[in-house]
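**Q** Kindly generate the corresponding structure for this input.
(2 chains)
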Amino acid sequence: MAQVTGSAIGSPPAAPSWVSQLSWTWVGVVPFFVFALMFLILPTGFLMVGGFQDGQGHFTFRNLRDLFQPTILSSYLISIKVSAASAIGGAVIGFALAYAAITGGLSTWVRPTLMTFSGVASNFAGVPLAFAFLATLGRTGLVTALLINLFGFNIYGAGFNLLSFAGLALTYMYFQIPLMVLIIAPAIDGLKREWREASANLGASTWEYWRYIALPILSPPLLGATLLLFANAFGAVATAYALTGSSLNIVTLVLYAQIRGDVLHNQNLGYALALGMIFMTGMSNAAYIWLRGRSERWVR
Amino acid sequence: MTRSRLGSWLLILFGALYFFVPLLGTFEFSLRYLRGVYSLEAYRIVLTDPRFGATITYSTVLALATIVMGVVLVVPTAYWIRLRLPGLRPVVEFITLLPLVIPAIVLVFGYLRIYNSTSVLPLTGSERATDLLLMFSYVTLALPYMYRAVDTGLRAINVHTLTEAAQSLGAGWPTTLLRVILPNVRAAVLSGAFLTFAIVIGEFTMASLLDRPAFGPYLQLIGANRAYEPSALAIISFAITWACMGLLQVFARGAPGQVAGTR
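**A** Have a look, this model is predicted:
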């Protein structure tokens, strides 16, 4: 009797308390979502919508079509080339470095030292990095001068130019390689020594170990890291701006000029330009997720 | 085995060259200000330039504000997601990775459009408001690093047990967060903080497009107009980055909860 009464009395407030419990739980993440809305979702959304509008706010595909005019298209292509070259180069060299430091049987100080230096170098980007490469590989740079004095070899005579596709990719790799080292090190740690020993016991060669064990396990983080490096380079502005001024027509520099002074003479085309960049970096991330799903099937 | 070890050493050597040669080149270049002799003249000129002091102070203050705001935003969120809303984790993680997907220049383009002086929230209307907007821009830029650092730190401690222990001893939410959770993820928060500092201090794109007198735009200005001073500035910037990472090592070591670190 008392129990029945108790539950009868207890249950009406129970529902509101459950509701308020739930809403209190959600209140904890409200600041984060407000922040995300204000500084990530809405600004990006505004540009994405603007890319599909004309000057009067009517819906149109015209801006997107205009992205395919030769000057804009070529700026996208140069950006893609530079980003892909520096991402792939950075990923290959960074992975090799991390793998050598972690599993190469080197002295114990090598790994922490590499990690520290990678932390520094991956953050040494932007304007100062451009200065460093100008001072090193510019026309009067140290390495340029040394190569002329020691070997009589002028890299500029051989067609190299720092203010070009190759120069920019080489400069970007200064932060891409260490970034790769930092990203991929945990994945290399995940490779258990036992797997290598087990495969060796079963008669696998080094090649077979890599082909059937290590690479299938590492391919999701490897591809993911490469795509991350690609997006990282694709959105870079400061290094390119300080290095080349506006002589290299990459898409971020076109957008920079557009934001500063509407060089395209069409605000909405500017939004479409931004939309195209989001599309590129978004696609590379979507591709990563798809590839990860695919390779996880094999790992399982 | 020896052959592969030699290969490993050669790789490390190559990495070291890629790292050091540009620095060496920059340093050598920075000493060339006076014709025929090496001197520190370029450094003297840079360090006595009042704009140098002004811009670097501005960027430092902004970086500190960014760190405080980032910690206030990220720690409670990451904690709460781990404790109460694990189902929301993929969503929050996805959002924290968005700044790596959306280029900074696109973000700031969006800010300039929706927070312009005629909008509901005219954050570009006055200088103070623009400083605030720039700080939030930097919190956004640092979000992936800060969130990952803190979340890794939280993974290494038992959030549920600590919370229950704190609450059974009578602690409220603020006490639990400030005096139990935060000290336990101190190393993680500090590593996020130093990374944030390193990102913010020389940032160019956002500061330049929001037209604020930060260190990054100053670097670019000097780079476009001077010959030897930029190299001196690059060396100084590098020293700042290096100091951030050095402090990161010092503070992160020996702090409780650094289980998440390397083995």
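**Q** List the buried residues of the strand or helix carrying B:Thr55.
**A** Element membership of B:Thr55, judged by DSSP states H and E, is helix B:50-83. When burial is assessed from 16 or more other CB atoms under 10 Å in any protein chain shown, helix B:50-83 yields the following buried residues: B:52, B:55-56, B:58-60, B:62-63, B:65-67, B:69-71, B:73-83. Bear in mind the C-beta positions are built from the backbone N, C-alpha and C, glycine included.
**Q** do that helix and chain A meet?
**A** Yes - shown here: helix B:50-83 in contact with chain A (CB under 8 Å from any CB of the partner chain) through B:Leu73, B:Pro76, B:Thr77, B:Trp80, B:Ile81.
**Q** Could you do stretch B:191-207 as well?
**A** Yes - for stretch B:191-207 and chain A, the contact criterion (CB under 8 Å from any CB) is met by B:Leu195, B:Ala198, B:Ile199, B:Gly202, B:Glu203, B:Phe204, B:Thr205.
**Q** Now for the first one: which residues touch it?
**A** By that I understand B:Leu195. If you count contacts by CB atoms under 8 Å, 6 or more residues apart in numbering or on different chains, B:Leu195 has them with A:Asn123, B:Ala142, B:Tyr145, B:Met146, B:Ala149, B:Cys244, B:Leu248.
**Q** Tell me how far stretch B:132-151 lies from the chain's centre.
**A** Centroid separation between stretch B:132-151 and its chain, computed with CA atoms, centre = their mean, to the nearest Å, is 8 Å.
**Q** re the thing from before, could you give the mean pLDDT of the helix holding B:Thr55?
**A** The average pLDDT for helix B:50-83 rounds to 94.
**Q** do the same with stretch A:284-292
**A** Summarised as a single mean, pLDDT over stretch A:284-292 is 76.
**Q** Export it to CSV, keeping only CA atoms.
**A** Written as CSV, here are the backbone C-alpha positions of stretch A:284-292 (Å, rounded to 0.1, in the frame of the first residue of the first chain):
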residue,chain,number,x,y,z
SER,A,284,39.6,14.7,-50.5
ASN,A,285,38.2,14.2,-47.0
ALA,A,286,35.2,12.2,-48.3
ALA,A,287,37.6,10.1,-50.3
TYR,A,288,39.5,9.4,-47.2
ILE,A,289,36.4,8.3,-45.3
TRP,A,290,35.4,6.0,-48.2
LEU,A,291,38.8,4.5,-48.5
ARG,A,292,39.0,3.9,-44.8
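**Q** is that stretch up against chain B anywhere?
**A** Yes - with CB under 8 Å from any CB as the criterion, chain B is reached by stretch A:284-292 at A:Asn285.
**Q** hmm, who's touching that stretch?
**A** Under the criterion CB under 8 Å, 6+ apart, external residues in contact with stretch A:284-292 comprise A:Ser219, A:Pro220, A:Leu223, A:Gly224, A:Leu227, A:Leu228, A:Phe230, A:Ala231, A:Phe234, B:Leu97, B:Val101.
**Q** go with 6 Å
**A** If you take CB atoms under 6 Å, 6 or more residues apart in numbering or on different chains as the criterion, stretch A:284-292 is touched by A:Pro220, A:Leu223, A:Gly224, A:Leu227, A:Phe230, A:Ala231, B:Val101.
**Q** Please state the offset of the helix holding B:Thr55 from the chain centre?
**A** 8 Å.
**Q** Packing partners of it?
**A** Applying 3 or more CB pairs under 6 Å, 6 or more residues apart in numbering or on different chains; DSSP states H and E, we find helix B:50-83 packed against helix B:127-156, helix B:186-201, helix B:215-225.
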